[in-house]
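>>> Pasted the sequence and its predicted model underneath.
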Amino acid sequence: MSADDPTAEEFAERMLASALGFADILAAHLGDRLGWYRSLAAHGPTTADELAERTGTDRRYAREWLEQQAVTGVLQVEPGGDDDGRRFRLPAGAAEVLTDDASLNYLAPVARMFGAVGPALPDLLDAYRTGGGVSWADFGADAREGQADLNRPWFRELPKAFAEVDDIQSVLTRPGARIADIGTGAGWSSIALAQAYPELRVDGFDIDDPSIELARANAQDAGVSDRVRFHNADGDGLSNFGRFDAAFAFECIHDMPRPVEVLAAMRLAVRDDGPVIVMDEAVAETFTAPGDDLERIMYAYSLFVCLPDSLSHRPSVGTGTVMRPETLRGYAREAGFADLEILPIEDFAFFRFYSLTR
Ligand SMILES: C[S@@+](CC[C@H](N)C(=O)[O-])C[C@H]1O[C@@H](n2cnc3c(N)ncnc32)[C@H](O)[C@@H]1O
């Protein structure tokens, strides 16, 4: 036994803390999906009956959830009121994190993403035994929408970040420039760039049909569907869509079963001096245990979503969420790039930006 090994009591405490955190996430999933947080944020201090009435939900469950949320420290209890008339308040900071989809602190989608794991557990267990997978489509709307909403506020920050990178800025501001957005999901990256650069034309690609439908609706609502087109197509076929001035892959290369083929297609489809940019997780350069919170959350996504998704296709390199810079460098070289460089874009959520060089 090493001096660093926890005692049974210490480890039991850790497990209890994990159970409480897990329960908070599942309870947040209920509050998000049932509209309870949004109702509390809109109406202020609320009783269980009022919450149930306003959201079309069951009063007995609403009361249990409100009490759990107060006991766990998410909600505050207003003074006065008996068991039936007690009023619960969502403090402003918690309301921002749980309901403000424009805020960089918006984290309700994380609860949605982990909520998607519940129905998939039997399939995940099966995949872990057999080496099979669970596809992005199988994880369904909770994962798709959780992913989209988590990154959406950050995509609005892209123009500010890219303004500091001459090679990218000069392309995006060039009149009539045409860019590709591979693995676009619900399309928020394409839409944010089109909104920021009024002459830019964007083609977004994804293999998930419901994502493409969502992306088209989002572009329509955002008023950019004349310049932003979405295609249900694999990134490896990019050259079928003409030449591009730049190509981007936002948080998707590690999900891809065949990332080298997609990167090679990006290299061929982008004109020689055009940037090819990958945004992916800012994980450590090498495996280190124990790891920091970023490393821990990325392994969590990897266990439950990204690796099973990647292995649901065959063949698959099975990257997992924890794609270290050397792994991407290897893929880039195999795809015909000379190397990659890390762009000086700091403190951008959990992301690192790579420029693949020729
Ligand atoms: C984690 S999601 C990221 C979506 C979006 N870029 C974002 O950041 O919100 C990964 C996306 O990559 C898509 N994808 C996976 N392999 C792909 C491929 N070979 N070509 C195009 N899209 C792919 C998935 O369908 C999924 O929508």
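Right, received. Where do you want to start? Treat the numbers as computed from the prediction; the structure is a model and nothing was measured.

>>> switch to C-alpha atoms for all contacts and neighbour counts from now on
Will do.

>>> Relative to the ligand, how far out is Ala289?
Going from Ala289 to the ligand by CA to the nearest ligand atom, to the nearest Å gives 25 Å.

>>> Just give me the neighbour total for that residue.
Residues lying near Ala289 (other CA atoms under 10 Å) number 8.

>>> which residues sit in contact with Arg112?
By CA atoms under 8 Å, 6 or more residues apart in numbering, the contact list for Arg112 reads His29, Asp32, Arg33, Asp142, Ala143, Glu145, Gly146.

>>> contacting residues for the residue sitting nearest the centre point of the chain?
By CA atoms, centre = their mean, the chain has its centre lying nearest to Gln147, at 3.3 Å. By CA under 8 Å, 6+ apart, Gln147 lies in contact with Pro109, Val110, Met113.

>>> Secondary structure element holding whatever residue of the stretch 1-150 of the chain ends up closest to the ligand?
The ligand sits closest to Ala148 of the stretch 1-150 of the chain, with a gap of 4.3 Å, by CA to the nearest ligand atom. According to DSSP states H and E, Ala148 maps onto helix 136-155.

>>> Chain neighbours aside, what residue packs nearest to Gly334?
That one is not Gly; residue 334 is Glu. Val260 (6.4 Å; CA to CA, 6 or more residues apart in numbering).

>>> Next, count neighbours for that neighbour.
Val260, neighbours per other CA under 10 Å, totals 21.

>>> same deal with Glu285?
Glu285, neighbours per other CA under 10 Å, totals 12.

>>> any idea of the pLDDT on the closest residue to Tyr37 other than its chain neighbours?
Closest residue in space to Tyr37, ignoring its immediate chain neighbours: Gly31 at 5.4 Å, by CA to CA, 6+ apart. At Gly31, the model reports a pLDDT of 98.

>>> Am I right that Gly31 sits in a helix?
Yes: Gly31 forms part of a helix when assessed by DSSP: H, G, I helix; E, B strand; the rest coil.

>>> So which elements touch the host helix or strand of Val260?
In the assignment (DSSP H and E), Val260 maps to helix 259-269. Applying 3 or more CA pairs under 8 Å, 6 or more residues apart in numbering; DSSP states H and E, one finds that helix 259-269 makes contact with helix 325-334.

>>> Could you point out the helix or strand that follows the helix it packs on?
strand 339-342.

>>> Distance from the chain centre to that following strand, please.
Distance, stretch centre to chain centre, for strand 339-342: 23 Å (CA atoms, centre = their mean, to the nearest Å).

>>> Then stretch 247-263?
Worked out by CA atoms, centre = their mean, stretch 247-263 lies 15 Å from the chain centre.

>>> Please shift the residue numbers so they start at 22 in all later answers.
That works, and once the first residue is 22, the last one we named lands at stretch 268-284.

>>> Could you give the average pLDDT over that stretch?
pLDDT averaged over stretch 268-284 gives 98.

>>> Just the terminal-to-terminal distance for that stretch.
10 Å (CA to CA, to the nearest Å).

>>> Would you tell me what helix or strand the closest residue to Ala243 other than its chain neighbours is located in?
Nearest residue to Ala243, sequence neighbours excluded (CA to CA, 6+ apart): Ile212, at 7.4 Å. Take DSSP H and E as the rule and Ile212 turns out to sit in helix 209-217.

>>> Show me what that helix is packed against.
helix 157-176, helix 179-183, strand 222-227, helix 230-243, strand 249-253.

>>> how big is the angle separating the helix holding Ala169 from helix 230-243?
Put simply, helix 157-176 runs at 30 degrees to helix 230-243, going by axes from the mean of the first three to the mean of the last three CA atoms, to 10 degrees.

>>> CA-only coordinates of helix 157-176, as CSV, when you get a sec.
C-alpha atoms of helix 157-176 as CSV (Å, rounded to 0.1, in the frame of the first residue of the first chain):
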residue,chain,number,x,y,z
TRP,A,157,-24.6,9.5,-31.9
ALA,A,158,-28.0,8.8,-33.4
ASP,A,159,-28.7,6.3,-30.6
PHE,A,160,-27.9,8.8,-27.9
GLY,A,161,-30.7,10.9,-29.4
ALA,A,162,-32.0,14.4,-28.9
ASP,A,163,-30.6,14.9,-25.4
ALA,A,164,-27.0,14.4,-26.5
ARG,A,165,-27.5,16.3,-29.8
GLU,A,166,-29.2,19.3,-28.3
GLY,A,167,-26.9,19.2,-25.2
GLN,A,168,-23.9,19.4,-27.4
ALA,A,169,-25.3,22.1,-29.6
ASP,A,170,-26.4,24.3,-26.7
LEU,A,171,-23.2,23.9,-24.7
ASN,A,172,-21.1,25.2,-27.6
ARG,A,173,-23.5,27.7,-29.0
PRO,A,174,-22.5,30.7,-26.8
TRP,A,175,-18.8,29.9,-27.4
PHE,A,176,-19.3,29.9,-31.2
